[in-house]
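Chemist: fold the following and give me the result.
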Amino acid sequence: MDRDKQRLSIEAARLYYLSDYSQMEIASRLGVSRPTVSRLLQYAKEQGYVSIQISDPLEDLNELALQIKHKYELDMALVCYSPVNEYKEIQKHISKAAADYLHETVKDSDIIGVTWGRTMHAVALQLQQKQVRGVEVVQLKGGISHSHVNTYAAETVNLFAAAYHTIARYLPLPVIFDSIAVKKMVEEDPHIRRIFEMGKQANIAIFTVGTLNDDALLFQLGYFSEEEKLLLQSKGIGDICSRFFDAQGNLCSEEINNRTVGIDLHDLRSKEQSILVAGGQRKVEAIRGALVGKYANILVTDQFTAQALL
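Modeler: Prediction:
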């Protein structure tokens, strides 16, 4: 009798756990009642014929986040789950995680500095409405381009402002000028100076990193000559706020940097929350350089990128 029960319990367990049969289907197949199947499955567990292991991805994510935080001396690392290691899928999940984090942390009288680009636009689209008072939203770098390629600059800052029931403070300039002299002259305008000052005062800055691949957004906007592009690609690994840096986080070109309109990289280091939102294999080196340069104290990324950074 015990041998028959053993055989039936193992067969029931195989059908239930490995073949996804329902208890009613198993009862019909084995010629027993459904309550008997339930007792057989319980017996299989008690006898050790079945062992159930639950893998909680959140436990792994929390451990990854802790390792990233310690390795790069961050205030916080948020590692979210992406089902596949593909850039568009990763972007969807990290942008949602960043938007949720902002919803939890933005408070009255915060000044939020915002950049632009595809990832930042994805974050903006995921923002939830929050009733806060006195919040300011300011653009951290120029966003005007003669290219037909969409930077989502105005739309991004508008979506941020709408989420926190305020008005957007634009930086109505190209992000990179052809001439240092012209850039300096424009910066003397009182309105432009006020926007720059607000960007410096922002206690929250949220941004991503760009790559130096040929298809990088900044290269599509027509700001650089071919020689400048090759110079940046030979020396650098990425950009933040259109300021290009190398693997150690150092600026690649003082001349190009002096023509760039927007917050200086060193100003990001003093922010209460300097939030880098980035992921994907093609951005790993740029993210690492940004973290080595201490330009972010909060990182929002995915588990694949986190593992590569470690």
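Chemist: tell me where the stretch 201-310 of the chain has strands.
Modeler: For the stretch 201-310 of the chain, the strands defined by DSSP state E, counting those that start in this stretch occupy 204-207, 238-240, 243-245, 273-277, 298-302.
Chemist: can you mark which positions in the fourth one are buried?
Modeler: By neighbour count on 16 or more other C-beta atoms under 10 Å, the buried set for strand 273-277 is 273-277. C-beta here means a position set from N, CA and C on the backbone, and glycine is covered the same way.
Chemist: quick one: strands adjacent to that strand?
Modeler: strand 204-207 (parallel), strand 298-302 (parallel) (DSSP bridges).
Chemist: take those and write them to CSV, including mean pLDDT, distance to residue 264 and mean neighbour count.
Modeler: Output for those, formatted as CSV (pLDDT from 0 to 100; distance: least, C-beta to C-beta, whole Å; neighbours: other C-beta atoms under 10 Å):
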stretch, mean pLDDT, distance to residue 264, mean neighbour count
strand 204-207, 98, 12, 26
strand 298-302, 98, 19, 28
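Chemist: could I get those in JSON lines, plus columns for distance to residue 99?
Modeler: Listed next are the strands paired with strand 273-277 as JSON lines, based on distance: least, C-beta to C-beta, whole Å:
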{"stretch": "strand 204-207", "distance to residue 99": "10"}
{"stretch": "strand 298-302", "distance to residue 99": "10"}
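Chemist: hang on, the earlier thing: with distance to residue 39 added, can I get the strands of the stretch 201-310 of the chain in a markdown table?
Modeler: Output for these, formatted as a markdown table (distance: least, C-beta to C-beta, whole Å):
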| stretch | distance to residue 39 |
| --- | --- |
| strand 204-207 | 57 |
| strand 238-240 | 61 |
| strand 243-245 | 66 |
| strand 273-277 | 52 |
| strand 298-302 | 44 |
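Chemist: which of the strands paired with strand 273-277 sits closest to residue 231?
Modeler: When the strands paired with strand 273-277 are compared by C-beta to C-beta, strand 204-207 sits nearest residue 231, at 23.1 Å.
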